[in-house]
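A.B. asks: need a 3D model of the following:
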Amino acid sequence: MPCLLGVILLGVRNSKRGWLDYAGRQARSSGGDASLDPGRTIHVNPLEITRVCRRHIDTKKKEGSKLYDFGRVLEGDWDLANQGKRNIPVEETVIHQSVFDRYANNTAWEDLPVFEHKLRAIREQGKVDGCRTRADLVERYRRLDGVCERLRDTGWQLEEHVGGLFQNNVSVSVTRNGGFLLGTGGAHRLSIAKFLRLPTIEVYVLSRHTDWIDVRRKAADGLVFPHPDLEEFGRGDARLSSAPSPTAVKRPIGRFLDRLLPVRV
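C.D. replies: Numbers count the residues shown, from 1 in each chain. A predicted model of the protein is given here:
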């Protein structure tokens, strides 16, 4: 239903409430239940987000929205692969490798593979990540250094709490076994969080596997199972049950970033 979706997305663009309503409808129509609150966030160790969901990449290209699958309960093997292509390890992506090279070795963004990757996409598509020119891309990555500085100094925050757009939040999808796949947004910030060794990050749940929904129903009936996506039933991991306080970055990384990034005063 691309035409209907286009009308819906036009109405909810840049609106958190609109996106949450959209996700609620998606959850109910795809086999979810009343316990699925798309506005509820969970706290996840960034190291546990190990792969990028290929399905979400493909639906973003096809449907034109990174949140097309928001709220959906999905069956099948999408949590393993999509259209014959495996879900990509985060550490193998050009974004992750470039982020680590930038902050571990102080390599200029313009000299990193991700910069050329984005430039090529701009030439082919006209606009990528809000950028139309090389100068736009330079400015985008300058701002990303500011994001790294903020995460280092004050810890992780949702985008809507720091003047950003709701749809730019990091989101995860939960696999049949309760694992976490990165959706199609926030890849740079996730890799920065991994580099800074943040203990947890606050994320929205994009989609869930049908088998995981069965686990949630058992948890609602009293099955003890420590997991961030089960905390609403009072059975989650107490270590992750509340929002993390601003993290203290380990000293060697902190000293390096003090040289690379200005300290706020």
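
A.B. asks: quick one, helices of the stretch 51-200 of the chain?
C.D. replies: 54-63, 94-105, 113-125, 134-154, 187-196 (DSSP state H, counting those that start in this stretch).

A.B. asks: point out the other helices and strands that the fourth one packs with.
C.D. replies: Pointing back at helix 134-154 there. Judged by 3 or more C-beta pairs under 8 Å, 6 or more residues apart in numbering; DSSP states H and E, helix 134-154 is in contact with helix 113-125, helix 187-196, helix 251-260. All C-beta spots, glycine's among them, are computed from the backbone N, C-alpha and C.

A.B. asks: and among the helices of the stretch 51-200 of the chain, the most buried is which?
C.D. replies: Stretch with highest mean neighbour count among those: helix 187-196 (a mean of 22; mean count of other C-beta atoms under 10 Å).

A.B. asks: output the below-cut-off pLDDT ranges for the stretch 1-150 of the chain.
C.D. replies: 1-14 (pLDDT under 70).

A.B. asks: coming back round to it: make JSON lines out of the helices of the stretch 51-200 of the chain and add distance to Arg176.
C.D. replies: Converted to JSON lines, the helices of the stretch 51-200 of the chain look like this (distance: least, C-beta to C-beta, whole Å):
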{"stretch": "helix 54-63", "distance to Arg176": "13"}
{"stretch": "helix 94-105", "distance to Arg176": "24"}
{"stretch": "helix 113-125", "distance to Arg176": "31"}
{"stretch": "helix 134-154", "distance to Arg176": "31"}
{"stretch": "helix 187-196", "distance to Arg176": "22"}
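
A.B. asks: partners of the strand ranked longest in the chain in the sheet?
C.D. replies: The longest strand of the chain (DSSP state E) is strand 201-209. With DSSP bridges as the test, strand 201-209 is paired with strand 41-44 (antiparallel), strand 73-74 (parallel), strand 171-174 (parallel).

A.B. asks: how about those strands, which one is nearest Leu230?
C.D. replies: strand 41-44 (9.3 Å; C-beta to C-beta).

A.B. asks: can I get stretch 217-229 in PDB, CA atoms only?
C.D. replies: In PDB, the C-alpha atoms belonging to stretch 217-229 read as follows (Å, rounded to 0.1, in the frame of the first residue of the first chain):
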ATOM      1  CA  ARG A 217       3.500 -13.200  26.400                       C
ATOM      2  CA  LYS A 218       5.100 -15.900  28.600                       C
ATOM      3  CA  ALA A 219       6.800 -13.100  30.600                       C
ATOM      4  CA  ALA A 220       3.500 -11.400  31.100                       C
ATOM      5  CA  ASP A 221       2.200 -14.700  32.600                       C
ATOM      6  CA  GLY A 222       5.100 -14.700  35.100                       C
ATOM      7  CA  LEU A 223       8.000 -16.400  33.400                       C
ATOM      8  CA  VAL A 224      11.300 -15.000  34.800                       C
ATOM      9  CA  PHE A 225      13.500 -13.900  32.000                       C
ATOM     10  CA  PRO A 226      16.000 -11.100  32.500                       C
ATOM     11  CA  HIS A 227      16.000  -8.900  29.300                       C
ATOM     12  CA  PRO A 228      15.700  -5.200  28.600                       C
ATOM     13  CA  ASP A 229      12.500  -5.700  26.500                       C
END
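
A.B. asks: list the contacts for the residue most central in space within the chain?
C.D. replies: Central residue of the chain (C-alpha atoms, centre = their mean): Val170, 2.4 Å from the mean position. Contacts for Val170 were tallied using C-beta atoms under 8 Å, 6 or more residues apart in numbering; they are Leu182, Gly183, Gly185, Gly186, Arg189, Leu190, Ile201, Val203, Tyr204.
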